[in-house]
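Chemist: everything below, folded, please.
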Amino acid sequence: MSLPLTQAVRRELASLLRPTGEDLAPGTLGGVSGAAPLSYLPVFASVVVKIEADQERPEEFGRFRHRPRVLRVRGDLTVDVLPPVL
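Modeler: Residues are numbered from 1 along each chain as shown. Just a heads-up that it's a prediction; the model follows:
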């Protein structure tokens, strides 16, 4: 879960994201106490984005301390060239 996307990033991602075909899934807004439940449409993990985060190695804590900010789509990268996420 990231901070809200800018309009420019939303427009670019709209044409790149592909739904998995699953129904809407239940979710929550992580880290926001009292946030109402929400639903989301699962998509294939096929797009790479550049993010800004408050810590370099979130795996040390199991999650980011604060939600990362999506800065831009990285059209020059594909998910198969990235290291696996633990």
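Chemist: most remote residue from this structure's center?
Modeler: residue 34 (21.2 Å; Cα atoms, centre = their mean).
Chemist: does that one belong to a helix or a strand, and which?
Modeler: Using DSSP states H and E, residue 34 is not contained in any helix or strand.
Chemist: which stretches in this protein count as helices?
Modeler: For the chain, the helices defined by DSSP state H occupy 7-14.
Chemist: circling back: so how far is residue 46 from the residue farthest from the centre of the chain?
Modeler: Look at residue 34 and residue 46: by Cβ to Cβ, to the nearest Å, they are 33 Å apart. (C-beta placed from N, C-alpha, C; glycine too.)
Chemist: follow-up on the earlier one: now the residue farthest from the centre of the chain: how far from residue 71?
Modeler: 28 Å.
Chemist: can you check residue 15 too?
Modeler: To residue 71, residue 15 is 18 Å away according to Cβ to Cβ.
Chemist: same drill for those two, tell me which one is more crowded.
Modeler: residue 71 (12 against 6; other Cβ atoms under 10 Å).
Chemist: which residues does the more buried one contact?
Modeler: Going by Cβ atoms under 8 Å, 6 or more residues apart in numbering, residue 71 touches 9, 49-52.
Chemist: if we go to 6 Å?
Modeler: Residues near residue 71 by Cβ atoms under 6 Å, 6 or more residues apart in numbering: 50, 52.
Chemist: what is the burial count for residue 5?
Modeler: 14.
Chemist: right, I mislabeled it, should have said residue 47
Modeler: Residue 47: 17 neighbours (other Cβ under 10 Å).
Chemist: what do you get for the one 3 residues further on?
Modeler: Applying other Cβ under 10 Å, we find 12 other residues in the vicinity of residue 50.
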